[in-house]
Structures are given as structure tokens and as C-alpha cells.
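Chemist: the sequence and its predicted three-dimensional model are supplied below.
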Amino acid sequence: MTYRRKDTYHRRARAAGYRARSAYKLAELADRFRLLRRGDRVVDLGAWPGGWLQIVVERIGAEGRVVGVDVVPVKPLPPANVALITGDVRDPAVIRMARERLGRTADVVLSDLAPKLTGVAAIDEARRSELTATVLAALPHLLRPGGRLLMKLFMDPDQPALMARLREAFDQVEATRPEATRRGSSELYAVGLGLRGSNA
């Protein structure tokens, strides 16, 4: 069953011209939570290979703008309103560059970041925690007050504390699993709507 599910979304993605099956995760959650709207400014952290960028461009239209960031170079997309940055999100200079390329703070921050896994639970959990902490630290610099967040997280010991931090930062927070998630995967997505406070 696991492989049939995987193959179904993989085949659908290829047939539709999407670079990754994960495009369907974003499409589903964007519809459910109204995450992406015409004219939005969007930052996509962990953008490789570009499947999420493709969905974003479809939803925001030509009047919007999206900046994709990844340590792995992303093959350019045709639309002129897509900017790409090759760099590490843990580097403050990369975060500053993303905001500069966007032109202002974002309406939406997307994060599909995941570390390379070692198979050693303690190390992998620490790496995941570092990435989620990095995204949270970047929000005051990247996301406008009232803005929206979609962030990958994992079912691990840090999840309750992370959700508590998100509830302090956003008016509405929900953890969810899109249909395209592989069966047996520990990943979840946190949705935050209505960022509180002011930008740094």
C-alpha cells in the first residue's frame, strides 16, 4: 500500500509537470487553509526541487512574488516573479537577502525544511530542532504581522514545545497531515494564521 500511494502521487506529479510529489501537499493545505492568495509575497524555505514554487506561482499570479531558498541550487522557473537564492537559512545574511529580493516582508512563509538523516535518533532530532528554531527566529524578519506560516515538523519529543511557541506567535495554529504524506512518515505540517506583533 505504501508504495502504491507513493507511486500514485509520483505519477500524478510527473503527468502534471510538477517537479515533486510534495506539490500536492502544498496544494491541499493551501486550499484547506487559504494560505496562498492572488498578489501574495511568499518566501519558500527549503525550496528544492521547486514543486512548491510551482504551486505558489499558480496561486499568487503574475502580480505576486516568491523567493525560494535552499542549500541545493534550484533549477530556474520561467516566471519572472520567481527569485532563487542558494544558501543556508541558518545564515542571517541569507534571510536578509530573501527579504530584500521579496521587496518587503512576506504575506506567507513556507518551510519544507528537513535535515539529512543519520539514523541516530538523538542527532536527527537535534538537527530537526535546529531547523525549526531557525524558521521561528526568522519569522520576525520575514513575515508581516497578520501573515501566514506553513512549516514542516515531526512527531518527536520537541513537537509539543514547538506547537506551544507557535500558539504564542499566531492567532490560530493547527497541526495536520496532507493526504500525499507517505504512510509511516513522522512528518506533520504546522499552519499558523495571523502572526502577532511587529516585525524586527
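Modeler: Looks like it arrived, so ask away.

Chemist: ranges for the helices of the chain?
Modeler: With helices called from DSSP state H, the chain shows them at 2-16, 23-33, 51-60, 92-102, 121-142, 159-169.

Chemist: worst mean pLDDT among those?
Modeler: Ranked by mean pLDDT, those bottom out at helix 2-16, with a mean of 63.

Chemist: avg pLDDT for the biggest strand by length in the chain?
Modeler: Ranked by residue count, the top strand of the chain under DSSP state E comes out as strand 143-154. Strand 143-154 shows a mean pLDDT of 96.

Chemist: ok, stretch 174-182 next?
Modeler: Stretch 174-182 comes out with an average pLDDT of 86.

Chemist: please point out which parts of it sit buried.
Modeler: 174, 178, 180-181 (16 or more other C-beta atoms under 10 Å). To be clear about C-beta, it is placed using only N, CA and C from the backbone, and glycine gets the same treatment.

Chemist: residues making contact with it?
Modeler: With contact meaning C-beta atoms under 8 Å, 6 or more residues apart in numbering, stretch 174-182 is reached by 2, 5-6, 9, 21-22, 24-25, 28-29, 32-33, 153, 159, 163, 187-191.

Chemist: now do residue 198, the pLDDT please.
Modeler: Note on residue 198: pLDDT of 61.

Chemist: please name the nearest non-neighbouring residue to residue 20.
Modeler: Distances taken as C-beta to C-beta, 6 or more residues apart in numbering place residue 51 nearest to residue 20, at 3.4 Å, with adjacent residues excluded.

Chemist: hmm, I was thinking of residue 53
Modeler: residue 68 (5.0 Å).

Chemist: identify the bridge partners of the one you found.
Modeler: Listed by DSSP bridges, the beta-bridge partners for residue 68 are residue 44, residue 84.

Chemist: verify the stated contact: it with residue 84.
Modeler: Yes. Residue 68 is within contact range of residue 84, at 5.1 Å (criterion: C-beta atoms under 8 Å).

Chemist: out of those two, which sits in the busier spot?
Modeler: Per other C-beta atoms under 10 Å, whichever of residue 68 and residue 84 has more neighbours is residue 68, with 26 against 20.

Chemist: how about the buried residues of stretch 174-182 in CSV, adding distance to residue 38?
Modeler: Shown next, in CSV, are those (distance: C-beta to C-beta, whole Å):
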residue, distance to residue 38
174, 23
178, 22
180, 24
181, 27
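
Chemist: can you tell me which of the residues you listed end up in strands?
Modeler: Among these, the members found in strands (DSSP E) are residue 174.

Chemist: residue 111: which of the buried residues of stretch 174-182 is nearest?
Modeler: Nearest to residue 111 among the buried residues of stretch 174-182 is residue 178, at 14.6 Å by C-beta to C-beta.

Chemist: distance check, that closest one against residue 108.
Modeler: Distance of residue 178 to residue 108, computed by C-beta to C-beta, to the nearest Å: 16 Å.
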